[in-house]
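1. sequence plus the predicted model coming up.
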Amino acid sequence: MITKFFIPESNNHDVQELWFQQDGATCHTARATIDLSKDTFGDRLISRFGPVNWPPRSCDLTPLDYFLWGYVKSLVYADKPQTLDHLEDNIHRVIADIRPQMLEKVIENWTSRLDYIRASRGSPMPEIIFKM
C-alpha cells in the first residue's frame, strides 16, 4: 500500500510543508517502512524510530483516535458497501467532504484537551464532554 498508493499519491501533492504522523503499530515501524517514510517526508516524520518520536499514546489526545476514525467509519459504512471499490469510493468521498471548519473545531477541541491536561497535571479527563 505504501509503495503502490501512498507514495505515488503523496507525489501528486506538495509534501515539502507536510508533516506525516504514523501510529506506533509494529507494522508501521518496520525499518523498511520507516526508511520509505523518511525518503518521502525527511525530518517531518512523526513515528516510533522516526526523526520525531511518536508521543506517548493517549486516545484522549490524538485527534485521529478521538474524532477522525469514528467519524469517517460511521459515514463510510452508512450505506453498507458490498465491494472493495464501493468501500474505497466511500472513503475517498468522506475524506474529501471534510471541511476546514470541522478541522478547526477539532484543533480547538485538541487545544482545550491539552490545556486541561496541563492544568490537571496529567490526570484523566472523565468529566469532560467534548462536542463536535
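-> That came in fine, so what should we check first? From a predicted model like this one, the values you see are computed outputs, not experimental measurements. Numbering: from 1, shown residues only.

2. so where do the helices sit in this protein?
-> 7-10, 31-41, 63, 69-76, 84-96, 100-119 (DSSP state H).

3. which helices and strands does the last one pack with?
-> Just to be clear, that refers to helix 100-119. Secondary-structure packing of helix 100-119 (3 or more Cβ pairs under 8 Å, 6 or more residues apart in numbering; DSSP states H and E): helix 63. C-beta here means a position set from N, CA and C on the backbone, and glycine is covered the same way.

4. got it, and the fourth one?
-> Here helix 69-76 is seen to pack against helix 84-96 when contacts are counted using 3+ Cβ pairs under 8 Å, 6+ apart.

5. and the helix it packs on, average pLDDT?
-> Mean pLDDT, computed over helix 84-96, is 96.

6. list the buried residues of it.
-> Buried residues in helix 84-96, counted by 16 or more other Cβ atoms under 10 Å: 90, 94.

7. again with stretch 11-25
-> 20, 21, 22.

8. just put the helices of the chain in a markdown table and tack on distance to residue 48.
-> Formatted as a markdown table, the helices of the chain follow (distance: least, Cβ to Cβ, whole Å):
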| stretch | distance to residue 48 |
| --- | --- |
| helix 7-10 | 20 |
| helix 31-41 | 8 |
| helix 63 | 19 |
| helix 69-76 | 19 |
| helix 84-96 | 25 |
| helix 100-119 | 21 |
